[in-house]
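Chemist: Sequence first, then the predicted structure, then my questions.
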Amino acid sequence: MFQYFIIIYLSGLLAISAKAQNRPPVQVMLVGFDHLSQLYNKQPQSDIYSPKKQAEIKQLNACLQAYAPDMIMVEVDPSEQPGIDSLFALYSAGKIALDALPYGRGETYQIGFALAKRLKHQRVYCVDHYEATSQSLLTKGTNIDLYQQALRQFQEIARPLKKQVQQDSLSVYDYIRKLNQPDMITLTHRLFYNLPALVVNGDFSKTATNTMDVSKIDKRYIGAEFISLFYNRNLKIYSNALLSQRQYQGKKLLLLFGQLHVGVLQELFKENPDYSLVSPLSFCN
């Protein structure tokens with residue numbers, strides 16, 4: 001009798017496993033941004049509210065709309081979901097404009113809210129885990145010159161691109177496309193999640209922005225500790241995204257995050273057989 005129940009139990013497990021394998025994976029599109037709200041430098045042409053940039057945002061929204069996501073996830077902490085829900089309800093009903101919001105220039109609103117309204121969604125989903133760690137936190141240690149040199153090389157690429165957008169010589173649409181090219185994602189991913197491991201026997205800056213507890217770090221592996229600060233946040237973002245998707249059963253996810261998050265999140269979703277990555281470049285070309 002016991003063997004009979006074991007056979008029934010194992011058969012049930014196999015049936016559940018087979019059913020899971022037959023279920024199509026959830027599609028995930030990650031779009032990385034240089035935060036749109038940070039483009040504004042008080043010059044009219046840098047303002048995301050300018051007619052030219054609004055046309056470029058409309059172009060970006062149109063290509064992302066073609067993907068037809070059923071869940072749009074944004075870089076806002078879940079604790080702020082009630083407030084975001086209230087704002088989105090007002091925006092969807094035409095009772096408030098994005099330029100009336102304190103952070104209305106950001107991609108959460110310019111892309112997330114606008115696209116969710118177009119697609120007649122009920123909400124956007126807050127899946128961030130808010131923690132702030134400055135790129136300049138790592139300042140001392142053996143091999144620090146290797147990290148600082150790579151950081152300068154990255155800045156020599158990124159800053160001129162941003163300046164071109166601020167001066168209207170590069171469109172927002174093309175800027176976001178450039179940031180999401182595989183080579184750009186690889187560049188930033190290696191810079192913040194790989195190269196710093198070479199830095200040892202050092203310390204963190206006492207003045208750089210950091211909201212995480214670093215009182216118990218191992219300074220012998222200061223670079224690895226630096227990586228862990230970034231990675232820890234992204235693991236929690238990934239967890240929030242998984243939990244939100246499971247709760248609301250989304251089939252096509254669109255995540256709007258700062259570009260530095262994309263490489264890690266791509267790796268995590270890629271290793272999960274329940275999810276399948278979709279490149280934004282396949283729609284925004």
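Modeler: The structure has been received and is ready for your questions. Residues are numbered from 1 along each chain as shown.
Chemist: shaky segments in this structure?
Modeler: For the chain, the stretches flagged by pLDDT under 70 are 1-21.
Chemist: and the residue nearest the centre of it, what element?
Modeler: Nearest to the mean C-alpha position of the chain, counting by Cα atoms, centre = their mean, stands Phe257 at 2.5 Å. Using DSSP states H and E, Phe257 sits in strand 252-258.
Chemist: Contact partners for the closest residue to Lys53 other than its chain neighbours?
Modeler: Setting aside the residues directly before and after it, Lys53 is nearest to Val172 in space (Cβ to Cβ, 6 or more residues apart in numbering), at 5.6 Å. C-beta: built from backbone N, CA, C; applies to glycine. Contacts for Val172 (Cβ atoms under 8 Å, 6 or more residues apart in numbering) come out as Leu36, Leu39, Ile48, Lys53, Glu56, Ile57, Leu60, Val165.
Chemist: Kindly report the same for Met73.
Modeler: By Cβ under 8 Å, 6+ apart, Met73 lies in contact with Val124, Tyr125, Cys126, Val127, Ala241, Ser244, Leu253, Leu254, Leu255, Leu256.
Chemist: Quick check: buried residues in stretch 169-179?
Modeler: Residues Leu170, Ser171, Val172, Tyr173, Asp174, Tyr175, Ile176, Arg177, Lys178, Leu179 are the ones in stretch 169-179 that count as buried (16 or more other Cβ atoms under 10 Å).
Chemist: I'd say the fourth one and Gln59 touch.
Modeler: In this case it means Tyr173. Yes: counting by Cβ atoms under 8 Å, Gln59 is a contact partner of Tyr173 at 4.7 Å.
Chemist: How are the strands of the protein distributed by residue range?
Modeler: 26-33, 71-74, 125-126, 138-142, 200-204, 252-258, 275-277 (DSSP state E).
Chemist: Who does the third one pair with, and is each partner parallel or antiparallel?
Modeler: Note on strand 125-126: by DSSP bridges, its sheet partners are strand 71-74 (parallel).
Chemist: Alpha carbons of the partner strand, in CSV - could you do that?
Modeler: Extracted C-alpha coordinates of strand 71-74, given in CSV (Å, rounded to 0.1, in the frame of the first residue of the first chain):
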residue,chain,number,x,y,z
MET,A,71,2.7,44.5,-16.9
ILE,A,72,4.9,47.6,-16.8
MET,A,73,7.3,47.6,-13.9
VAL,A,74,9.1,50.7,-12.8
